[in-house]
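In: One predicted model, sequence on top.
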There are 2 protein chains.
Amino acid sequence: MSSAGLLKVVVAAAGGRATGWPAQYTARLITKHTRTLSSASTMEQRVITIDNVNPHVIKMEYAVRGPLVIRATALEKEIQAGVRKPFNKVTKANIGDAHAMGQQPITFLRQVVSLCLMPSLLDDPNIPSDAKQRAQTVLAGCKGRSLGSYSDSPGIEIIRRHVAQYIERRDGFPSSWENIILCAGASEGIRGMMKMMIKHDNSLKPGVMIPIPQYPLYSATIAEFDLHQVGYYLDESTNWGLEISELERAYEEGKKLCNPKALVVINPGNPTGNVLSRENIENVIRFAHEKKLFLFADEVYQDNVYAEGSKFHSFKKVTMEMGAPYNQMELASFMSCSKGYMGECGLRGGYAEIVNLDPQVKALYLKSISAKLCPTTLGQAVMECVVNPPQEGEPSYEQFIEEKNKVLSSLAKRAKMVAETFNSVPGMSCNIVQGAMYAFPQIMIPERAIEAAKTAGQAPDVFYAFQLLENTGICIVPGSGFGQQPGTYHFRTTILPQEEMLRTMLEKFHEFHVNFLKLYE
Amino acid sequence: MSSAGLLKVVVAAAGGRATGWPAQYTARLITKHTRTLSSASTMEQRVITIDNVNPHVIKMEYAVRGPLVIRATALEKEIQAGVRKPFNKVTKANIGDAHAMGQQPITFLRQVVSLCLMPSLLDDPNIPSDAKQRAQTVLAGCKGRSLGSYSDSPGIEIIRRHVAQYIERRDGFPSSWENIILCAGASEGIRGMMKMMIKHDNSLKPGVMIPIPQYPLYSATIAEFDLHQVGYYLDESTNWGLEISELERAYEEGKKLCNPKALVVINPGNPTGNVLSRENIENVIRFAHEKKLFLFADEVYQDNVYAEGSKFHSFKKVTMEMGAPYNQMELASFMSCSKGYMGECGLRGGYAEIVNLDPQVKALYLKSISAKLCPTTLGQAVMECVVNPPQEGEPSYEQFIEEKNKVLSSLAKRAKMVAETFNSVPGMSCNIVQGAMYAFPQIMIPERAIEAAKTAGQAPDVFYAFQLLENTGICIVPGSGFGQQPGTYHFRTTILPQEEMLRTMLEKFHEFHVNFLKLYE
C-alpha cells in the first residue's frame, strides 16, 4: 500500500470523513506514517491488519476525544517546548471535565475515600465524625474490611442500598437495592445494558433510537455492538425540544431498516443543555410504551439544572406516577459521580437502576458483568458520598452545602454567560442552557469557508473548529461529532472553564468568529 | 412457559450444564421464580426476553463467580441470620482475593493514593517524603492537578513512562511508553485487545488458543465476542507442562473449525500454579511465529514465584533475546495490581504492553478505548506504586521491603502447605504450586458419587464442590469451570487464607474428602 493510501486509511480510522485533519497536521502525519511504514515494510505480515481488524471498531467514532483533542494536546506540548503560538495556553472546552478546568473537589467526598484507603486516618482529629462514619460503613461492606478486596460484581450491598434510598427520597417511590448496579462511570452501565441486545443473525438488527445531536458514547457503542442507530432530531427552534411527532417519524423510518427496541433520552441534555418538562417526559413514555421500546434514561446531569422554571423529573418517577401499564415498562436510568457538583470524572463511579427486567434476562445480565469482576471499589465509595451526603446537623453539613452551592451557582452563572455571549456574536445563535454542562450554538459558515473546508478535505464545522484551535488555543467539538440537521453547523463547548477563564475564552472566541466571517465573506 | 421450563432456562443461563445447582437450592429457586413468574404473568411481553437476548451472553460462563459462589454468599447470610450450619464460617477459597482473606495492604501504596486524593495530607509529618514525592508526580500528571479529572484514555503519561522503565529494568530491553496502555485491571486490557479480532462475516471465525485448564475470563470473553475457542491441554503429569506437540495437535484440530489467530499463555499459571521455563517459552514463541499467532502473555503473577529453581521470564524479554524475526512478533503482555504482593483487586489497576502492532491497528485500538473515557485514575496511581516502589535509601524502603517479603514468603509457605496436604489425602493428587496463587488438585470421585451427581443433574466435580460447601463452608471452584481432561475431576483452591485459617481449612477439607469417599464407596 502506498503511503498516501495508508494515510487515507489511518485518517479514516482515527477521525472518519466528518472529522478530517487540517492540512498542516496531515502533512506531519504523512511523514510520521511513511517512516513507520518503511520500518514496517521490512517486517512480515502482521496477524491483525486493517483488512481483518474488527470492522465495527473502524466504524465507531468518539468525537469528544477525536483528532481535534489529539491536536490540542500536541499544541500543549509544543507550547511547553517553547514553540511560539498566537496564544500561550490551550483551553479544553471539549469535554465535561470539571476538575481539569479548575473546579475544586468536595472536601467531604475526598475525606471519606481517603479514610477508606488509609484507615489510620480514622484517628485524625481534624477529620469530622460524619466522614469517618461513612468510611466505616463502606469498610464494613468490604471483604476483609479493605477496599482492596473485590466487591460483588453489581457492587457493595450497603452502597446499593443507599443508592436505592437516595432514589426513594428523590422520587417518592420505592426502589429495590437489587435493581441497583454500581458501575465505573455511567458509560460502563450504559454499555453493559445495551450489550444485552446484541444479536448477529439474519434478522433485522436491533435498533436504538437516540437524539440528534447526541452524546457520542451512544453512536460509538451502537457501531461497536453492530446495532442500528435510529436518530430523532431535537428541535433547535423550541430550545432543543423533544417532539413526539419527530419520534414517530424517526421510528417509522427506522422500522424499514431495523427492529427498534430501545429509546435513549438524555435529560438534562448533552450536548444541548435542554431540560425536559414533566409533560414532555410523560408523552415520551407513552410513545415508548406504544412502540414497545426499552427506555434508557441518561440522567447523569440530574443535579445540573439552572434555568428558572426548569426542574429535573426522573423517568422512573414519571412512570410510577403514571401507574399501570407504564410503571411496568423496562427502564434503565444512569447516574454518575463525574458530573453534578462533584465532577469526579477520573474516579469512575456510577450506578444504573434497572427496573422491570425479565427475571431470566436479569440473571444473564448479572452473569455478563461477573466476568468483569467488579467496578472500582473506590468509585463505589464515591457513590456512597453522592447518595449519602452530610445531613443537616452533621459536622460536615455546612461546609458541604457551601461547596456544593458554590459550584452549582457558578455553573448557573456560566451557563447564562455562555448563551448570552454567543447570542451577541454576529452569525451565531445559542439556545438557553437550562441544564447539564454544555452549549451547542449554531454558527453561520460563509460559502467561501465551506469551499476552503472542501479543499482541506474537512467538513465545514471541523474546518472551523481546527481554525479556532490553531488561532486561539480553544478546543471545542464540531457539531458533526454529535449530529445536526443537514446544512446546519454547530459546535459543543462546555461551560466549565472557571469564570475569569471563561470570560477570556468567550472574548477570544468572539474575536475569532468576527475575523473568520471577515476572511471568508 | 411453565415454571419448571422457566427454571431450566434460568439454571442454564446462570450456571450452564456443567455447573448445575444442588437439589435443595433448586427447590428454593423454583419457589422464588414461580413467585416472580406469577407476578410477571400479569405483565405484558418484555422488550428483552430470553428469546431475543444476546445469545453470546447465554453462552458465556465465568465459574469463579458462578452458582457456588452465589450459594456461598447466601450461606453467609443464613449464618448471620442465626441459621445453624455444620460450620460457623464460610471460607471463600474460590477467588484470588488476597485482602478478603486477611492480607494487609502495603502501607506505602495506600499512603501514595491517599495523598493523591487528599493533598492536604502532604503537610502530614507522619507520612514519609518518598510517598509524598510519588503523589506529587501523579498529581502533576493529572489535569488541574486532580485525580478527579479524566486522564488520556491510555492513561497518565508519566505513569506510562514509569511502567516502561519498570519493564526495561525487569527485562534489560527497551520499552516504549507509547506501547503502554493503563487499564482497570488486566481483564479490561485483555478484553480490549481481544475485541480487535472480532469479525462477523461468513468466513471462519477467528480462533484463540487457550490453555486447558484456563482462567475463565478467556472462555467467557471468547464466547461473548463470538470468537472460536481452541483449547490446548496442559500436561498434569509434567507439572502442568506446556508441550509443543499438544499445541500442534490443538492447532491442527482447531484449523478445521476456525482461523487460529492468537495464542494465550498464562505464566505463572492460573489455575495450575506452574511456572514456564525459559526454554519452554522459547519453543512456544517459535510455534506462535510459525503459525502466525498473536501472543497474549498473561503475566499478572510475575511476582508470585515460589518454587526453588523456578524463575519468571517475560515473553517480551525472551522474544527480544531470540532476536529477529521473533522480536518483531505482535505481543501483548498484561500486568495487574490485584495479584503479586499488593493484592489490590478492588482498586482496579493494570497495564498492557502491546508491541509490534500494525500502526493502523494501533490507531484503531486507541480509538476503541477512547469511548470508554479512561481507566480509574486511582487504579493508575496504584500502578505508579507497583512500578516505582521505594528504592534503597528512601525513607519508606525498609518498611516496604519488610511488608512485601512477609506477604511473598508466607505465600510460598502456604503454596507448599497446600500441595503437601492434598497429596497426603487418599484419592487426591496435587502438583507443586510453583507460582501464582492456586492449586488445582485432581480428585478421585467414586462411581456411586458420579451416579448421585447425575441424579442431582450436576457434573461430578460440581456435585463434589457443592457437597463440600454445604458440609464445611469451604467454597472452591470445580475443575469443569476451567476445563480438564475428560474423565478427570479437579478443583481450584486459592492459597490465600492466612496461615492459621488455611491450616484449619485443609484439615476440614481432608476430613470431608475421607467421609465423601466412605459415603460413596
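Out: Now that the structure is in, tell me what you want to look at. Please read all numbers here as calculations on a predicted model, not as lab measurements.
In: Spell out, range by range, the helices that occur in the stretch 1-150 of chain A.
Out: A:3-14, A:23-41, A:55-59, A:67-80, A:107-117, A:129-141 (DSSP state H, counting those that start in this stretch).
In: Chain B contacts on the stretch 251-400 of chain A?
Out: Residues of the stretch 251-400 of chain A found near chain B (CB under 8 Å from any CB of the partner chain) are A:261-262, A:292-294, A:325, A:328, A:330, A:342-348, A:356-361, A:363-365, A:367-368, A:370-379. The way it works is simple: take the backbone N, C-alpha and C, and place the C-beta from them, glycine included.
In: Please check those residues and keep the buried ones.
Out: A:261-262, A:293-294, A:328, A:330, A:342-348, A:356-361, A:363-365, A:367-368, A:370-379 (16 or more other CB atoms under 10 Å in any protein chain shown).
In: Among the residues of the stretch 251-400 of chain A next to chain B, which ones are in strands?
Out: Mapping those onto strands (DSSP state E) picks out A:261-262, A:294.
In: want to throw those residues into JSON lines with distance to residue A:80 and pLDDT?
Out: As requested, these are exported to JSON lines (distance: CB to CB, whole Å; pLDDT from 0 to 100):
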{"residue": "A:261", "distance to residue A:80": "48", "pLDDT": "97"}
{"residue": "A:262", "distance to residue A:80": "45", "pLDDT": "98"}
{"residue": "A:294", "distance to residue A:80": "47", "pLDDT": "98"}
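In: how about low-confidence regions in the stretch 1-150 of chain A?
Out: Flagging of the stretch 1-150 of chain A using pLDDT under 70 yields the residue ranges A:1-44, A:64-65.
In: Now do the end-to-end distance for stretch A:163-177.
Out: Its start and end residues considered, stretch A:163-177 measures 7 Å (CA to CA, to the nearest Å).
In: again with stretch A:182-201
Out: Note: stretch A:182-201 ends 31 Å apart using CA to CA.
In: For that stretch, buried residues please.
Out: A:182-199.
In: next one: stretch A:402-419
Out: By neighbour count on 16+ other CB under 10 Å, the buried set for stretch A:402-419 is A:403-404, A:407-408, A:410-412, A:414-415, A:417-419.
In: Confirm residue A:308 sits in a strand?
Out: No: counting by DSSP: H, G, I helix; E, B strand; the rest coil, residue A:308 is not part of a strand but coil.
In: what's around it, how many residues?
Out: 7 (other CB atoms under 10 Å in any protein chain shown).
In: Could you find the closest non-adjacent residue to residue A:286?
Out: Leaving aside its sequence neighbours, residue A:286 sits nearest to residue A:326 (CB to CB, 6 or more residues apart in numbering or on different chains; 7.4 Å).
In: if I read this right, that neighbour contacts residue A:284, doesn't it?
Out: No: using CB atoms under 8 Å, residue A:326 makes no contact with residue A:284, being 10.8 Å away.
In: residues in contact with the closest residue to residue A:404 other than its chain neighbours?
Out: Spatial nearest neighbour of residue A:404, chain neighbours left out: residue A:341 (4.6 Å); criterion: CB to CB, 6+ apart. Counting by CB atoms under 8 Å, 6 or more residues apart in numbering or on different chains, residue A:341 touches A:106, A:303, A:403-404, A:407-408, A:411.
In: Which members of these are positioned in helices?
Out: If you go by DSSP state H, the contacts of residue A:341 have A:403-404, A:407-408, A:411 in helices.
In: Dump the residues you listed to TSV, plus pLDDT.
Out: Below are these laid out as TSV (pLDDT from 0 to 100):
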residue	pLDDT
A:403	98
A:404	98
A:407	97
A:408	97
A:411	96
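In: Out of those, which comes closest to residue A:233?
Out: Nearest to residue A:233 among the ones in helices among the contacts of residue A:341 is residue A:411, at 26.9 Å by CB to CB.
In: That closest one contacts residue A:498, doesn't it?
Out: No: checked against CB under 8 Å, the pair residue A:411 and residue A:498 is beyond contact range at 10.5 Å.
In: any idea which of the buried residues of stretch A:402-419 is closest to chain B?
Out: Ranked by distance to chain B (CB to the nearest CB), the buried residues of stretch A:402-419 are led by residue A:407 at 12.1 Å.
In: Could you double-check that that closest one lies in contact with residue A:105?
Out: No: contact between residue A:407 and residue A:105 fails when scored by CB under 8 Å: they sit 10.1 Å apart.
In: so what sits against both of the two?
Out: Residues touching both residue A:407 and residue A:105 by CB under 8 Å, 6+ apart: residue A:343.
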